[in-house]
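return a 3D structure for these sequence lines:
(one chain, ligands or ions: 1)
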Amino acid sequence: MDVPADGDRPTDLPYPDVDELEAAAARVLPEHVVGYFRGPTGAYGIPTEAERWSQLRFRPHVLRDTSRLSLATTVLGTPVASPVLVAPMAQQRAAHPEGEVATARAVRRRGVLLGVSTNTGVRFADIGAVGAPWWFQVYVMDDRAMTADLVQRAAAEGATALVLTVDTPGVDPRRPQLEPRSWPERYGMQANLPGGDTGRPIFSGTRNLSVDDIGWLHDLTGLPVVVKGVLRADDAVRCVDTGAAGVIVSTHGGRCLTQSIVSADALPEVAAAVGDRAEVYVDSGLRTPEHVAAALCLGARAVFLGRPVMWALATGGDAGVEELLGSIDTQLERVLRSLGAGSLDELGPDLVV
Ligand SMILES: Cc1cc2nc3c(=O)[nH]c(=O)nc-3n(C[C@H](O)[C@H](O)[C@H](O)COP(=O)(O)O)c2cc1C
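Numbers count the residues shown, from 1 in each chain. So this is what the prediction gives:
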């Protein structure tokens, strides 16, 4: 895959306005779809993840050479033009008829990487054909043989890592659901099941998991396994000890245990505990280039964006996602220069309080 050189990418994109994107998406999408995408975050007086990221303050350096700053990095060995990646999200065809295919096109043009949910309505082959690097997010179903078949086909179609989601033993009943009558004609639920789309979620919760499943998934596919939904140092160490190549510090965007510690507060202890033994990523509530910069300073090798991408997809399709990612990247460069960072390697926790 070609990673666009920094000089080839536009540098004059405006500051991203995710709130405006969300409002615009709410004008074009059915209400139940918007409700499902938003989830229960921010309800019941709980401060949002985004608010917590915004509370962090930078301690910038000055008088440093930042003229050669580049956002390019690698994730599990895959070169990416930016550490801002796209989170796996179910039901992207509810946002846009092409769903993940459109997202993948934008991701390829930006030179980054996307996660693809177990509950995608798009076939692996169609995502793979776009040519963007992608990781397959796994919900381990009660039917292990079906799960094995699914991950092996994802690997065969080009997924380069498996993302094992571990934080969803059940779905919060306050989370609005997509209305079943809208499946599968428009959205589809899981386009990749051996028996074809069931037209209903196959999700059986993450109750049936243990750390041994990291090795099980690796042995099935030979792919590195990243554990998503880790919020404690001891759990992160257990994952790495049993073979995880990475962990994603995540509250699932506040969609599961709505009153958990937020990612911004969990990231430092996880990053410190994991050190160089595996890669640490973060998601949940990142809405601005400053949020991304803070996450990189606190130890994330890369970040994943969820809902902002969904809103951009709904309002502008692949061009909308490309513009969102582009504006975050260009403004992230400016923020990092304001921190006195000459490279991503110079970011560290001392830059944030
Ligand atoms: C509509 C929607 C569907 C999602 N579906 C999945 C999923 O199928 N599997 C998963 O691991 N995470 C899923 N997530 C969580 C995202 O991967 C990610 O953790 C979260 O969206 C990040 O927070 P943010 O939306 O605030 O950026 C979903 C999130 C949203 C908004």
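
what does the pLDDT read for the closest residue to the ligand within the stretch 151-300 of the chain?
Here the residue of the stretch 151-300 of the chain nearest the ligand is residue 253; by Cβ to the nearest ligand atom that distance is 2.8 Å. From N, CA and C alone the C-beta is placed, and that goes for glycine too. Here the pLDDT value assigned to residue 253 is 92.

ramachandran angles for it?
phi 70, psi 30 (degrees, to the nearest 10).

farthest from the middle of the protein: give me that residue.
No residue in the chain sits farther from the centre than residue 63, which is 34.1 Å out by Cα atoms, centre = their mean.

quick check: the residue of the stretch 251-353 of the chain nearest the ligand.
Taking Cβ to the nearest ligand atom, the stretch 251-353 of the chain has residue 306 as its residue nearest the ligand, at 2.2 Å.

pretty sure the residue farthest from the centre of the chain contacts residue 342?
No. In this structure, residue 63 is not within contact of residue 342 by Cβ atoms under 8 Å, at 11.5 Å.

need the contact partners of the helix or strand of the chain with the lowest mean pLDDT.
When each helix and strand of the chain is scored by mean pLDDT, DSSP states H and E, helix 31-38 comes last, with a mean of 91. With contacts defined as Cβ atoms under 8 Å, 6 or more residues apart in numbering, helix 31-38 is touched by 25-26, 29, 91, 94-95, 175-179, 182, 307, 310-311.

how about it: buried residues?
Of the residues in helix 31-38, 33-38 count as buried by neighbour count, 16 or more other Cβ atoms under 10 Å.

equivalent analysis for stretch 344-353, please.
344, 346-347, 351-352.

so of those, which ones are in helices?
Assignment to helices by DSSP state H places none of the buried residues of stretch 344-353 there.

mind picking the two most distant members of those residues?
In the buried residues of stretch 344-353, two members sit farther apart than any others by Cβ to Cβ. They are 344 and 352, at 14.8 Å.

quick check: pLDDT value at the residue nearest to residue 133 when sequence neighbours are not counted.
Using Cβ to Cβ, 6 or more residues apart in numbering and skipping the chain neighbours, the partner closest in space to residue 133 is residue 113 (4.5 Å). Looking at residue 113, its pLDDT stands at 98.

tell me how many other residues crowd residue 113.
Counted with other Cβ atoms under 10 Å, residues neighbouring residue 113 total 27.

how close does it sit to the ligand?
With distances taken as Cβ to the nearest ligand atom, to the nearest Å, residue 113 is found 13 Å from the ligand.

what residues does this structure have near the ligand?
37, 87-90, 117, 119, 137, 165, 228, 250, 252-253, 255, 283-286, 305-307, 310 (Cβ under 6 Å from any ligand atom).

mind checking which of the residues you listed land in helices?
Those of the residues of the chain next to the ligand lying in helices (DSSP H): 37, 307, 310.

and the nearest residue to residue 270 once chain neighbours are set aside, what element?
In space, and not counting its chain neighbours, residue 270 is closest to residue 236: 4.5 Å by Cβ to Cβ, 6+ apart. Assigned by DSSP states H and E, residue 236 belongs to helix 233-241.

how about stretch 119-127: buried residues?
Buried, per 16+ other Cβ under 10 Å, within stretch 119-127: 119-124, 126-127.

which two in the residues you listed are spaced the farthest apart?
Spanning the widest gap among these are 119 and 126, at 15.7 Å by Cβ to Cβ.

contacts made by stretch 129-136 with the rest, please.
For stretch 129-136, contacts defined as Cβ under 8 Å, 6+ apart pick out 1, 78, 80, 88, 101, 104-105, 107-108, 112-116, 118, 124, 127-128, 151, 154-155, 158-163, 226.

ranges for the strands of this protein?
Taking DSSP state E as the test, the strands found in the chain are 73-75, 78-80, 84-86, 114-116, 134-138, 162-165, 225-230, 246-249, 279-283, 302-305.

surely residue 285 touches residue 55?
No. If you go by Cβ under 8 Å, residue 285 and residue 55 don't touch, sitting 11.3 Å apart.

which of the two has more residues huddled nearby?
residue 285 (26 against 11).

returning to that earlier point: so can I have TSV of the buried residues of stretch 119-127 showing pLDDT?
Converted to TSV, the buried residues of stretch 119-127 look like this (pLDDT from 0 to 100):
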residue	pLDDT
119	89
120	90
121	88
122	92
123	93
124	96
126	96
127	97
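
residue 68: which of the residues you listed is nearest?
residue 127 (34.6 Å).

re the thing from before, what's the neighbour count on the residue of the stretch 251-353 of the chain closest to the ligand?
Residue 306 has 22 neighbours, counted by other Cβ under 10 Å.

contacts only, for it.
Applying Cβ under 8 Å, 6+ apart to residue 306 gives the contacts 87, 89, 253, 283-284.

farthest pair in these?
89 and 284 (12.3 Å).

who's more crowded, those two?
A direct count of neighbours by other Cβ under 10 Å for residue 89 and residue 284 places residue 284 higher, at 33 against 27.

low-confidence regions, the stretch 1-150 of the chain specifically.
For the stretch 1-150 of the chain, the stretches with pLDDT under 70 are 1-11, 41-46.

please redo it, this time with the cut-off set to 50
Along the stretch 1-150 of the chain, the parts satisfying pLDDT under 50 run over 1-3, 6-7.

ok, the residue lying closest to residue 221 once chain neighbours are set aside - contacts?
Counting by Cβ to Cβ, 6+ apart, residue 221 lies nearest to residue 155, which is 4.2 Å off, once chain neighbours are set aside. Neighbouring residues of residue 155 by Cβ under 8 Å, 6+ apart: 136, 162, 221-223.
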